[in-house]
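K.L.:
Predicted structure and sequence below. I'll ask about it afterward.
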Amino acid sequence: MSYKYEKVEVPSSGSRIEKGKDNADDLIVPDDPIIPIIYGDGIGVDVGPATQQVLQAAAEATGRKINWMEVHAGESASELYDGNILPEDTLAAIREFRVAIKGPLTTPVGSGFRSLNVALRKILDLYACVRPVYHLKGVPSPVKHPEKMDMVIFRENTEDIYAGIEWEAGTPEVEKIKRFIEEEMGVKGAMHEGPIGIGIKPITEFGTKRLVKKAIDYAIERNRKSVTFVHKGNIMKYTEAAFAKWGYELAEEYGDQIIAENTLWEEREGEVPEGSVVINDRIADNMLQQVLTRTDEYDVLAVPNLNGDYLSDACAAQVGGLGIAPGANIGDGMILAEPTHGSAPKYVGQNKVNPTAMILSGRIMLEYMGWHDAADLVKDAIEAQIASKEVTYDFERQMTGATKVSTTEYTEGIVKKIQDSV
Ligand code: NAP
């Protein structure tokens with residue numbers, strides 16, 4: 001170990017997860033890994049410990065043990081590190097131990113960070129935001145057949161209009177950019193006179209191909225049927241259309257394992273050889289309709305940053321909403337799992353909120369570690385808990401005949417179901 005941690009302790013027992021050699025995501029995972037956890041701000045103090053308990057129960061039920069290493073970001077870091085909300089201890093721990101989980105972080109106002117979450121993804125180069133979207137039995141949903149939803153969205157995490165290259169109206173910089181575009185690049189009549197803000201949308205071959213590779217590798221490994229590139233390339237030809245073009249180029253490298261096709265895989269049933277993955281693409285606005293009207297025809301999606309953001313929230317809404325939507329940011333051999341929801345400040349310290357999103361984010365982490373048996377136990381136990389109708393306030397208000405319980409009671413119910421199942 002080369003880094004000397006300043007204000008946090010490495011657990012005295014436990015082993016480090018090492019990088020394997022097979023591919024970017026190959027890890028060598030011991031049965032007693034050290035895993036850093038950031039509880040996060042606001043309701044993080046409720047959902048963080050709840051998640052820890054459930055994941056530990058699943059690990060123990062499958063003959064393993066997680067050695068938690070608590071590290072800090074956001075408000076708790078600020079207190080411990082004299083105002084520093086993203087200390088080097090935390091970054092070093094995630095780099096060293098490779099698999100980590102975090103709760104929500106409040107977006108700081110005027111601290112120099114656009115968002116702590118974005119900073120973490122950028123600094124650690126966690127370039128794929130992976131959001132599995134599936135329905136848990138019993139979870140209230142606004143659609144008739146939520147069970148048809150079973151997609152995994154790979155959203156590019158570092159590029160696009162989200163890259164943070166933008167200039168404010170009224171600044172000399174924005175006027176300079178405008179002049180450059182109009183005078184040097186010869187683009188006339190595209191921008192109105194008067195105050196203007198300008199943002200830049202970079203999409204690179206490198207950024208696209210590494211994201212698409214993760215999506216295709218995932219599809220092959222998990223026996224998924226298709227990977228769909230979602231883009232707005234009919235309008236944005238050199239960025240969004242390039243995303244799909246580079247995606248198809250990368251897919252070609254897989255040879256017989258993929259079938260590049262613009263037809264949905266159902267329509268080719270019988271023709272697609274066992275074990276191969278169909279690659280297709282869809283225009284983003286159409287896709288927002290398709291996920292609602294032809295839900296079960298889609299499987300793995302690879303999407304640039306902005307459209308991926310919209311699409312993953314829209315899909316999540318069909319299976320119960322953001323309160324239970326899990327996610328993970330993945331780089332090469334490194335994962336930082338995190339729920340999609342924020343720090344919900346109005347519920348802080350009330351032992352009231354639903355920890356499911358962070359627990360299911362932990363489930364993604366377990367799968368990334370190859371602990372599929374433990375991951376399945378977590379899902380089954382949550383479904384059993386929901387079936388018991390003893391649920392937190394957000395589910396209770398949408399279910400008939402349910403009893404409202406606290407975060408702690410809901411969590412203990414899940415832990416007990418895991419323990420009883422083995
Ligand atoms: P939020 O914290 O997600 O909360 C919005 C609403 O979602 C809550 O009032 C609640 O709705 C529901 N909700 C969220 N988490 C829930 C849970 N675990 N259980 C039950 N209901 C839950 O969004 P926000 O109020 O817009 O953002 C608050 C702060 O979080 C901001 O600083 C924002 O920047 C930050 N944020 C961080 C992340 C992240 O760390 N990844 C993500 C998003 C936002 P009801 O009151 O209707 O029940």
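P.N.:
Now that the structure is in, tell me what you want to look at. Numbers count the residues shown, from 1 in each chain.
K.L.:
count of residues packed around whichever residue of the stretch 201-350 of the chain sits closest to the ligand?
P.N.:
Across the stretch 201-350 of the chain, the shortest distance to the ligand (C-beta to the nearest ligand atom) belongs to Gly342, at 2.4 Å. Backbone N, C-alpha and C define where each C-beta goes, glycine included. A count of nearby residues for Gly342, using other C-beta atoms under 10 Å, gives 18.
K.L.:
Can you tell me the closest non-neighbouring residue to it?
P.N.:
Here the nearest residue to Gly342 in space, its sequence neighbours aside, is Pro104; by C-beta to C-beta, 6 or more residues apart in numbering that works out to 4.9 Å.
K.L.:
Give me the pLDDT value at the residue lying farthest from the centre of the chain.
P.N.:
The outermost residue of the chain relative to its centre, with distances by C-alpha atoms, centre = their mean, is Glu183 at 41.4 Å. The predicted structure scores Glu183 at 95 on the pLDDT scale.
K.L.:
and it, that's in a strand?
P.N.:
No. Using DSSP: H, G, I helix; E, B strand; the rest coil, the assignment for Glu183 is helix, not a strand.
K.L.:
Now do it against Glu175, distance only.
P.N.:
As defined by C-beta to C-beta, to the nearest Å, Glu183 lies at a distance of 12 Å from Glu175.
K.L.:
Same question for Gly323.
P.N.:
For Gly323, the distance to Glu175 under the criterion C-beta to C-beta works out to 44 Å.
K.L.:
Between the two, which is the more surrounded one?
P.N.:
Neighbours were counted for Gly323 and for Glu175 using other C-beta under 10 Å; Gly323 has more, 18 against 14.
K.L.:
so where is the chain shaky, pLDDT-wise?
P.N.:
Across the chain, residues meeting the criterion (pLDDT under 70) sit at 1, 110-113, 261-272.
K.L.:
residues from it in reach of the ligand?
P.N.:
Residues of the chain found near the ligand, taking C-beta under 6 Å from any ligand atom as the criterion, are 43, 47, 104-107, 117, 322-323, 338, 341-346, 353-354, 357, 394.
K.L.:
Only the buried subset of those residues, as a PyMOL command please.
P.N.:
The buried subset of the residues of the chain next to the ligand, as determined by 16 or more other C-beta atoms under 10 Å, is captured in PyMOL by this line:
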select buried, resi 43+47+104+105+106+107+117+323+338+341+342+343+344+353+354+357+394
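K.L.:
which stretches of the stretch 301-422 of the chain form strands?
P.N.:
For the stretch 301-422 of the chain, applying DSSP state E, counting those that start in this stretch gives strands covering 328-330, 335-337, 390-391, 403-404.
K.L.:
what does the last one contact?
P.N.:
Where contact means C-beta atoms under 8 Å, 6 or more residues apart in numbering, the residues beyond strand 403-404 that reach it are 389-393, 396.
K.L.:
re earlier: tell me the most buried of the strands of the stretch 301-422 of the chain?
P.N.:
Of all those, strand 335-337 carries the top mean neighbour count, a mean of 26, counting by mean count of other C-beta atoms under 10 Å.
K.L.:
strand partners of that strand, parallel vs antiparallel please.
P.N.:
Strand 335-337 has the following sheet partners, assigned by DSSP bridges: strand 99-102 (parallel), strand 328-330 (antiparallel).
K.L.:
right, and those strands - which one's nearest Ile123?
P.N.:
strand 328-330 (11.2 Å; C-beta to C-beta).
K.L.:
Tell me the gap between the closest one and the middle of its chain.
P.N.:
How far strand 328-330 lies from its chain's middle: 5 Å, per C-alpha atoms, centre = their mean, to the nearest Å.
K.L.:
Likewise for stretch 115-122?
P.N.:
Its chain's C-alpha centre lies 13 Å from the corresponding centre of stretch 115-122 when counted by C-alpha atoms, centre = their mean.
K.L.:
What are the buried residues along that stretch?
P.N.:
116-122.
K.L.:
Out of the residues you listed, which sit inside strands?
P.N.:
Secondary structure of these is defined by DSSP state E; no position falls in strands.
K.L.:
Among the residues you listed, which one sits closest to the ligand?
P.N.:
Checking these against the ligand with C-beta to the nearest ligand atom, the nearest one is Asn117 at 4.6 Å.
K.L.:
quick one: the closest residue to Glu166 other than its chain neighbours and Cys129, what's the gap?
P.N.:
Leaving out its chain neighbours, the residue that sits closest to Glu166 by C-beta to C-beta, 6+ apart is Gly199, at 3.8 Å. Gly199 is 20 Å from Cys129, where distance means C-beta to C-beta.
K.L.:
more crowded one of those two?
P.N.:
Neighbours were tallied for Gly199 and for Cys129 using other C-beta under 10 Å; the higher tally belongs to Cys129 (25 against 13).
K.L.:
what about the nearest residue to Ile335 once chain neighbours are set aside, neighbour count?
P.N.:
The spatial neighbour of Ile335 that comes closest, neighbours along the chain excluded (C-beta to C-beta, 6+ apart), is Tyr368 at 4.8 Å. For Tyr368, the tally of surrounding residues (other C-beta under 10 Å) stands at 21.
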